[in-house]
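# Provided below are the primary sequence and the corresponding predicted coordinates.
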Amino acid sequence: MTEHACARFRPYTASLLTLALGAVMLAPTAVMAQGPGTEDGSWTFLGGDAWHTRYTSANQITAANFEDLEVLWQWDAGSFGSATPRATPSFIDGKLITVTGYRRHVVALDPGSGELLWSFTEPNTHRFEYSMRQGYGKGIAYAEVDGRGVVFITTPAFFLHALDADTGKPLENWGEGVPIPGFPESGSVDLVADLIEGWGPWENLNQEYDPYQGIPQGIGYITSSSPPIVVNDVVVVGNSAEQGYNQTRVENVPGDILAYDARTGDLKWRFNVIPRPGEFGHDTWENDAWQWTGDVSSWAPMSADPELGLVYVVTNGATIDYYGGFRPGDNLFSTSIIALDVETGERAWHYQMVHHDIWNYDTPTAPILMDVEVDGRQIKGLFQATKQAFLYALDRETGEPIWPIEERPVPPSRVPGELLSPTQPFPTKPAAFDLQGRTMEHLIDYTPEIYEMALQVAQEGNYFNELFDPPTHVGDPAGPAWNCPGGAGGVNITGAPVADPVDGVMFITSHSNCFRLQVVRGAESPRDGPGQSGTTYSDWAARGTTVPGGGRPTVDGLSIWKGPVGRIVAIDMNTGDHLWTIPHGDASQQQQDMIRNHPLLQGVEGVEVNRGRPGHAAMVVTPELLIASGQTADGTQSLFAIDKRTGERVGSVPLPGATRYGMSSWVHEGQQVLLIQLGGGLAAFGVR
């Protein structure tokens, strides 16, 4: 027998949800309670709606018929190369439009059959060949412009293209022609040219710009890993930088936010993510590093409130991960939420979640927007789940915390030259949704004797650690520093949080991941190589994303740590209370049998047999269900129907392959469809 869920359930206290039998119904309360984008069963934005909830009001798929789901069609992306592993197609005006392959081809499919309707591929450039995030496109942006559907796409080479949604052809009289053979005469913008204009390191080179080359490698690197977002006829473009844990040199380009007129392709504004003299936040850079270092990229997707005219951008840390001694100060706007006026680019407010971030605690997912009621007050909320397992709850109009966020002391660094912030922000509510550091509270305690054995293992192995423990350096007798959660989460891009905006409940998928952090002299780092941007070595740089070793501490084969190792947590954002926690999928049958039959546990009640699986679920929310991916005990890749109120699993169906990130649900010709991203393409599910 396989155990499907742990016992930590609490009742879902939200209101009853609209249910319907037979044909697809769209709950009117849902339409009013969420942002624009899913009206009439559509899925217009990457996250469904502009609020990025990944919620559909379609309710044809229920607990009663979930196990009747079957594959309606599959699309094989093989002719475009390997499928993009992180993408969610948009369903708009009778077409399914997405990106695929390392070329980030744009494809339009028939939503009823998966048949290819059109495709667009950007011509090759050196900028593309050099891109480090080619397969990370995630999707497209869409808008109605003067009665015509337009698809907007940013590419690994960092161009913006505007395509006719019916034909896939670049728009005429839009943007500027890119002077590279093979590029269309119009319909494109060279984002690099706009990004570096007026930027000191580029201007100081005093050389002619080469659009085929892009940014000279010696001063920086830029690409994109998420689509733009269109808000009130403005196309807002984020960007992505070289992975910080791979960097050994200090020069880079700042990931400034760019915005364009959706009708013309003209640049409207640019927001400097590293403030220049006279700009708010410049004083958080305490030397001249603001002139030549960079990153602070917005590699995660964005969300928006068109009614308020605000777009919400979340950022990465500054160059580089694990050491920031060359950039003293809190370093705004790194690892922050920034609310920008979509018309002007002016900062409405910001909140920095990590000061002087060196931990690779970049923000991996879009903020979720919902209207909630807290202590009798109606609040337009913004909720940001993070790698460090905090859920930041803010008023999206003002940026004020909904519940207090305290600045608490954190450990200093012992690495020569590093000066960390003495405090970091700690939300007081909601409680953390996954581990933060490793403490005695995390030890298994099925019996007092087992707890004492686990405690001895943890103390002898020096496994306890605090959130925000800093990296150590080679030669430090303490060895590599434990970092829990590590840079892989908590939350990460492979499993975006989702929400029920009708009842104000979030569902967060996370896993209990730890890294071991250590820095070496920059010039000696094994991460260094000819592909690095910049020229000046940092005094210290990462020895690796994580340092191997440390072991898996056990008591006679039992992990000393409580589970689940991967989980889904439901949190009521009206109260800040956790509703329930369940494992992500099922632990293997072998592991469950080992725990169930372990000699130390015979006759012991309350043993956690199903600890789940590491990793993240792909999820979508309906009026009745949370639908999540995962594996069963025999390893079958599956879709699970989960009761939103209790966390109880009420159905499952097998998948044709593994999935992550890209689930969506929409209505085509009266049928609700669940669309699943596969390693080699897409699969559409429905009830016939």
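It's in. Residues are numbered from 1 along each chain as shown.
# Now do the buried residues in stretch 568-581.
Residues of stretch 568-581 classed as buried by neighbour count (16 or more other C-beta atoms under 10 Å): 568-576, 578-581. Any C-beta I mention is one placed from the backbone N, CA and C, and that applies to glycine too.
# Now pLDDT, distance to T100 and secondary structure too, for those, in JSON lines please.
Converted to JSON lines, the buried residues of stretch 568-581 look like this (pLDDT from 0 to 100; distance: C-beta to C-beta, whole Å; DSSP: H, G, I helix; E, B strand; the rest coil):
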{"residue": "I568", "pLDDT": "98", "distance to T100": "28", "secondary structure": "strand"}
{"residue": "V569", "pLDDT": "98", "distance to T100": "32", "secondary structure": "strand"}
{"residue": "A570", "pLDDT": "98", "distance to T100": "32", "secondary structure": "strand"}
{"residue": "I571", "pLDDT": "98", "distance to T100": "34", "secondary structure": "strand"}
{"residue": "D572", "pLDDT": "98", "distance to T100": "37", "secondary structure": "strand"}
{"residue": "M573", "pLDDT": "98", "distance to T100": "34", "secondary structure": "coil"}
{"residue": "N574", "pLDDT": "98", "distance to T100": "39", "secondary structure": "coil"}
{"residue": "T575", "pLDDT": "98", "distance to T100": "41", "secondary structure": "coil"}
{"residue": "G576", "pLDDT": "98", "distance to T100": "40", "secondary structure": "coil"}
{"residue": "H578", "pLDDT": "98", "distance to T100": "37", "secondary structure": "strand"}
{"residue": "L579", "pLDDT": "98", "distance to T100": "37", "secondary structure": "strand"}
{"residue": "W580", "pLDDT": "98", "distance to T100": "36", "secondary structure": "strand"}
{"residue": "T581", "pLDDT": "98", "distance to T100": "35", "secondary structure": "strand"}
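# which among the residues you listed gets closest to D395?
Distance ranking of these against D395, using C-beta to C-beta, places M573 first at 12.1 Å.
# mind listing the helices for the stretch 151-300 of the chain?
Secondary structure of the stretch 151-300 of the chain (DSSP state H, counting those that start in this stretch): helices at 191-196, 200-205.
# Does the nearest residue to E67 once chain neighbours are set aside lie in a helix or a strand, and which?
Nearest non-adjacent residue to E67, counting by C-beta to C-beta, 6 or more residues apart in numbering: G651, 4.8 Å away. In this structure, G651 sits in strand 649-654 according to DSSP states H and E.
# Next, F685: secondary structure please.
When classified by DSSP: H, G, I helix; E, B strand; the rest coil, F685 comes out as strand.
# I'd guessed it sits against Q74; true?
No - with contact defined as C-beta atoms under 8 Å, F685 does not count as touching Q74 (10.1 Å).
# So for these two, which residue has more residues nearby?
Per other C-beta atoms under 10 Å, whichever of F685 and Q74 has more neighbours is F685, with 23 against 15.
# give me the low-pLDDT residue ranges for this structure?
Residues of the chain meeting the criterion pLDDT under 70: 1-32.
# hmm, what's the outermost residue in it?
Ranked by distance from the centre of the chain (C-alpha atoms, centre = their mean), the top residue is G603, with 42.5 Å.
# gap between that residue and I450?
According to C-beta to C-beta, to the nearest Å, G603 stands 13 Å off from I450.
# now do P409
As for P409, its distance to I450 is 33 Å (criterion: C-beta to C-beta).
# more neighbours, these two?
Using other C-beta under 10 Å, the more surrounded residue of P409 and I450 is I450, with 20 against 10.
# Strands along the stretch 251-400 of the chain, start to end?
Here the stretch 251-400 of the chain has its strands, by DSSP state E, counting those that start in this stretch, at 257-261, 267-271, 303-305, 310-314, 336-341, 347-352, 368-374, 377-385, 391-395.
# Redo the ones you listed as JSON lines? Include distance to A458 and mean neighbour count.
Shown next, in JSON lines, are the strands of the stretch 251-400 of the chain (distance: least, C-beta to C-beta, whole Å; neighbours: other C-beta atoms under 10 Å):
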{"stretch": "strand 257-261", "distance to A458": "44", "mean neighbour count": "22"}
{"stretch": "strand 267-271", "distance to A458": "46", "mean neighbour count": "18"}
{"stretch": "strand 303-305", "distance to A458": "40", "mean neighbour count": "27"}
{"stretch": "strand 310-314", "distance to A458": "34", "mean neighbour count": "27"}
{"stretch": "strand 336-341", "distance to A458": "35", "mean neighbour count": "23"}
{"stretch": "strand 347-352", "distance to A458": "33", "mean neighbour count": "18"}
{"stretch": "strand 368-374", "distance to A458": "35", "mean neighbour count": "22"}
{"stretch": "strand 377-385", "distance to A458": "28", "mean neighbour count": "21"}
{"stretch": "strand 391-395", "distance to A458": "27", "mean neighbour count": "22"}
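# of all those, which lies closest to L69?
Using C-beta to C-beta, these put strand 368-374 closest to L69, at 26.1 Å.
# Touching the closest one from outside, list them.
Strand 368-374 is contacted from outside by 33-35, 47, 50-53, 303, 305, 312, 378-385, 396, 402-403, 497-499, 501, 504, 506, 573-576, using C-beta atoms under 8 Å, 6 or more residues apart in numbering.
# same question, stretch 583-593
2-6, 509, 511, 563-568, 609-617, 628-635, 638, 640.
# same deal with stretch 85-93?
With contact meaning C-beta under 8 Å, 6+ apart, stretch 85-93 is reached by 41-47, 96-100, 109, 111, 135-140, 142, 149, 165, 493-494, 660-664, 666, 668, 673, 675, 677, 679, 682.
# Separate out the buried members of those.
Neighbour-count burial (16+ other C-beta under 10 Å) applied to the contacts of stretch 85-93 gives 41-47, 96-100, 109, 111, 135-140, 142, 149, 165, 493-494, 660-664, 666, 668, 673, 675, 677, 682.
# Surely P470 is within a strand?
No - P470 is assigned coil when assessed by three-state DSSP, not a strand.
# which phi and psi does it have?
phi -80, psi 160 (degrees, to the nearest 10).
# Please tell me how far it sits from M440.
P470 is 22 Å from M440, by C-beta to C-beta.
# of these two, who's got more company?
Taking other C-beta under 10 Å, P470 and M440 do not tie; P470 has more neighbours (20 against 12).
# which residue packs closest to that one, ignoring adjacent ones?
Using C-beta to C-beta, 6+ apart and skipping the chain neighbours, the partner closest in space to P470 is S413 (4.3 Å).
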